[in-house]
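# compute the structure for the input listed below.
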Amino acid sequence: MNTKSLNTARPEWPIKKLEEGLHYYLEDGLMVLTEYYHRARGQCCGNACRHCPYEHVNVRSKS
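Next up, the predicted model:
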């Protein structure tokens with residue numbers, strides 16, 4: 001993993017180059033974005049991401 005501080009309130013956006021282990025990891029062939037990535041993004045994208053730090057505020061209900 002990169003040695004950059006994971007406690008940074010808002011990392012630089014846009015991210016110029018994604019780094020495995022810092023911005024994402026691979027699970028069963030799928031890319032899973034980390035909380036660090038989402039904090040850099042700055043808002044919930046609405047896709048119900050596993051590590052969303054924004055409490056899924058933009059995720060539509062299924063009903």
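# low-confidence ranges in the chain?
Filtered on pLDDT under 70, the chain yields the residue ranges 1-9, 63.
# quick one, strands of it?
Residue ranges of the strands in the chain, as given by DSSP state E, are 24-27, 30-33.
# can I get these in TSV with distance to Pro14 and mean neighbour count?
No exception for glycine: its C-beta is placed from N, CA and C like everyone else's. Converted to TSV, the strands of the chain look like this (distance: least, Cβ to Cβ, whole Å; neighbours: other Cβ atoms under 10 Å):
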stretch	distance to Pro14	mean neighbour count
strand 24-27	15	12
strand 30-33	14	13
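# format those strands as CSV; extra columns: distance to Cys44.
Below are the strands of the chain laid out as CSV (distance: least, Cβ to Cβ, whole Å):
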stretch, distance to Cys44
strand 24-27, 17
strand 30-33, 12
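# the ones you listed: which one's closest to Asn58?
If you check each of those against Asn58 by Cβ to Cβ, strand 30-33 wins as the nearest, at 14.9 Å.
# if we can go back for a sec, and the strands of the chain: which comes nearest Leu18?
Of all these, it is strand 24-27 that lies closest to Leu18, at 6.0 Å by Cβ to Cβ.
# how far off centre is the closest one?
11 Å (Cα atoms, centre = their mean, to the nearest Å).
# quick one: residues contacting Glu20.
Leu26 (Cβ atoms under 8 Å, 6 or more residues apart in numbering).
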